[in-house]
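*Asks:* Pasting a predicted model and its sequence here:
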Amino acid sequence: MRRLLDTSAYVALKRGEERVAEIVRDSGEIALPLIVVGELMFGFRNGARFEENMGQLEAFLDSPHVTLINPTWVTADRFGRIAAGLRRAGTPIPTNDIWIAAQTMESGAELVTFDRHFDRVVGLPVIVLS
(Lines give C-alpha, C1' and ligand atoms only; values in the text may rest on other atoms or scores of the structure.)
Protein backbone atom coordinates (compact mmCIF):
# COMPACT_ATOMS: atom_id res chain seq x y z
CA MET A 1 0.00 0.00 0.00
CA ARG A 2 1.15 3.52 -0.80
CA ARG A 3 1.07 5.94 2.11
CA LEU A 4 1.71 9.66 2.12
CA LEU A 5 3.18 11.38 5.19
CA ASP A 6 2.21 14.89 6.11
CA THR A 7 4.52 17.12 8.13
CA SER A 8 3.20 15.97 11.50
CA ALA A 9 3.72 12.31 10.60
CA TYR A 10 7.27 12.87 9.29
CA VAL A 11 8.23 14.79 12.44
CA ALA A 12 6.72 12.07 14.64
CA LEU A 13 8.64 9.41 12.69
CA LYS A 14 11.90 11.27 13.24
CA ARG A 15 11.11 11.61 16.95
CA GLY A 16 10.75 7.84 17.22
CA GLU A 17 6.95 7.53 17.25
CA GLU A 18 6.45 3.77 16.96
CA ARG A 19 2.96 3.96 15.43
CA VAL A 20 4.26 5.96 12.48
CA ALA A 21 7.34 3.74 12.14
CA GLU A 22 5.09 0.67 12.00
CA ILE A 23 2.93 2.22 9.28
CA VAL A 24 6.05 3.14 7.30
CA ARG A 25 7.44 -0.41 7.66
CA ASP A 26 4.13 -1.92 6.56
CA SER A 27 3.84 0.31 3.49
CA GLY A 28 5.07 -0.70 0.07
CA GLU A 29 5.85 2.90 -0.79
CA ILE A 30 5.98 6.19 1.08
CA ALA A 31 5.21 9.44 -0.71
CA LEU A 32 6.33 12.83 0.55
CA PRO A 33 4.79 15.91 -1.10
CA LEU A 34 6.98 18.85 -2.03
CA ILE A 35 4.62 20.98 0.12
CA VAL A 36 5.64 18.91 3.16
CA VAL A 37 9.32 19.37 2.31
CA GLY A 38 8.75 23.13 2.23
CA GLU A 39 7.07 23.06 5.64
CA LEU A 40 9.92 20.95 7.02
CA MET A 41 12.60 23.26 5.61
CA PHE A 42 10.82 26.23 7.17
CA GLY A 43 10.98 24.47 10.53
CA PHE A 44 14.61 23.48 10.00
CA ARG A 45 15.60 27.06 9.21
CA ASN A 46 13.91 28.27 12.39
CA GLY A 47 15.64 25.65 14.51
CA ALA A 48 19.17 25.13 15.75
CA ARG A 49 19.93 21.89 13.83
CA PHE A 50 19.44 22.80 10.18
CA GLU A 51 22.29 20.69 8.79
CA GLU A 52 21.38 17.62 10.87
CA ASN A 53 17.70 17.85 9.95
CA MET A 54 18.46 18.40 6.26
CA GLY A 55 20.81 15.42 6.25
CA GLN A 56 18.10 13.21 7.76
CA LEU A 57 15.53 14.44 5.24
CA GLU A 58 17.87 13.86 2.31
CA ALA A 59 18.67 10.35 3.58
CA PHE A 60 14.95 9.64 3.94
CA LEU A 61 14.27 10.83 0.39
CA ASP A 62 17.17 8.70 -0.92
CA SER A 63 15.40 5.53 0.23
CA PRO A 64 14.15 3.43 -2.71
CA HIS A 65 10.78 3.16 -0.92
CA VAL A 66 10.25 6.93 -0.68
CA THR A 67 9.02 9.12 -3.53
CA LEU A 68 9.02 12.92 -3.59
CA ILE A 69 5.88 14.03 -5.39
CA ASN A 70 5.45 17.38 -7.09
CA PRO A 71 2.23 19.29 -7.70
CA THR A 72 0.74 18.94 -11.19
CA TRP A 73 -2.13 20.41 -13.17
CA VAL A 74 -4.34 17.65 -11.73
CA THR A 75 -3.19 18.59 -8.22
CA ALA A 76 -4.19 22.20 -8.86
CA ASP A 77 -7.64 21.13 -10.08
CA ARG A 78 -8.15 18.88 -7.05
CA PHE A 79 -6.96 21.71 -4.79
CA GLY A 80 -9.61 24.01 -6.27
CA ARG A 81 -12.35 21.42 -5.88
CA ILE A 82 -11.40 20.58 -2.28
CA ALA A 83 -11.00 24.23 -1.25
CA ALA A 84 -14.34 25.19 -2.80
CA GLY A 85 -16.09 22.26 -1.11
CA LEU A 86 -14.61 23.11 2.28
CA ARG A 87 -15.62 26.77 1.91
CA ARG A 88 -19.18 25.86 0.92
CA ALA A 89 -19.39 23.55 3.95
CA GLY A 90 -17.98 26.24 6.23
CA THR A 91 -15.16 23.91 7.31
CA PRO A 92 -11.91 25.40 6.00
CA ILE A 93 -8.51 23.87 6.76
CA PRO A 94 -5.01 25.36 6.31
CA THR A 95 -4.14 26.02 2.67
CA ASN A 96 -1.02 23.82 2.65
CA ASP A 97 -3.12 20.95 3.98
CA ILE A 98 -5.52 21.32 1.07
CA TRP A 99 -2.53 20.90 -1.28
CA ILE A 100 -1.43 17.83 0.69
CA ALA A 101 -4.94 16.36 0.49
CA ALA A 102 -5.02 17.01 -3.26
CA GLN A 103 -1.68 15.25 -3.76
CA THR A 104 -2.82 12.34 -1.61
CA MET A 105 -5.91 11.84 -3.74
CA GLU A 106 -4.03 12.29 -7.01
CA SER A 107 -1.35 9.77 -6.05
CA GLY A 108 -3.81 7.13 -4.89
CA ALA A 109 -2.17 7.07 -1.45
CA GLU A 110 -3.52 6.99 2.07
CA LEU A 111 -2.59 10.03 4.15
CA VAL A 112 -0.89 9.53 7.53
CA THR A 113 -1.30 12.50 9.87
CA PHE A 114 -1.94 13.69 13.41
CA ASP A 115 -4.22 16.49 12.17
CA ARG A 116 -7.93 15.75 12.66
CA HIS A 117 -9.07 18.46 10.25
CA PHE A 118 -8.19 16.20 7.31
CA ASP A 119 -11.38 14.30 8.20
CA ARG A 120 -13.27 17.26 6.71
CA VAL A 121 -12.01 16.44 3.19
CA VAL A 122 -14.67 14.30 1.57
CA GLY A 123 -13.29 11.13 -0.02
CA LEU A 124 -9.76 11.49 1.41
CA PRO A 125 -8.27 8.18 2.53
CA VAL A 126 -6.65 9.12 5.84
CA ILE A 127 -5.18 7.57 8.97
CA VAL A 128 -5.49 10.13 11.75
CA LEU A 129 -3.24 9.25 14.68
CA SER A 130 -3.81 10.89 18.03
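*Replies:* Structure's in. What do you need?
*Asks:* Leu111 belongs to a strand?
*Replies:* Yes. Leu111: assigned to a strand according to DSSP: H, G, I helix; E, B strand; the rest coil.
*Asks:* ok, it touching Ile100?
*Replies:* Yes. At 7.1 Å, Leu111 counts as touching Ile100 under the criterion of C-beta atoms under 8 Å. Using the backbone N, CA and C atoms, a C-beta is placed for each residue, glycine as well.
*Asks:* what do the two both touch?
*Replies:* Common contacts of Leu111 and Ile100 (C-beta atoms under 8 Å, 6 or more residues apart in numbering): 4, 6.
*Asks:* Please report how far the residue lying farthest from the centre of the chain lies from Val126.
*Replies:* Using C-alpha atoms, centre = their mean, the residue of the chain lying farthest from its centre is Arg88. It sits 24.0 Å away. From Arg88 over to Val126 the distance is 20 Å, taken as C-beta to C-beta, to the nearest Å.
*Asks:* before we move on, what about Asn96?
*Replies:* The value you get for Asn96 to Val126, if C-beta to C-beta is used, is 16 Å.
*Asks:* Compare those two (neighbour count), which wins?
*Replies:* Val126 (19 against 15; other C-beta atoms under 10 Å).
*Asks:* number of nearby residues for the residue lying closest to the more buried one once chain neighbours are set aside?
*Replies:* Leaving out its chain neighbours, the residue that sits closest to Val126 by C-beta to C-beta, 6 or more residues apart in numbering is Leu111, at 4.4 Å. Around Leu111 sit 26 other residues, with neighbours defined as other C-beta under 10 Å.
*Asks:* Lovely, talk soon.
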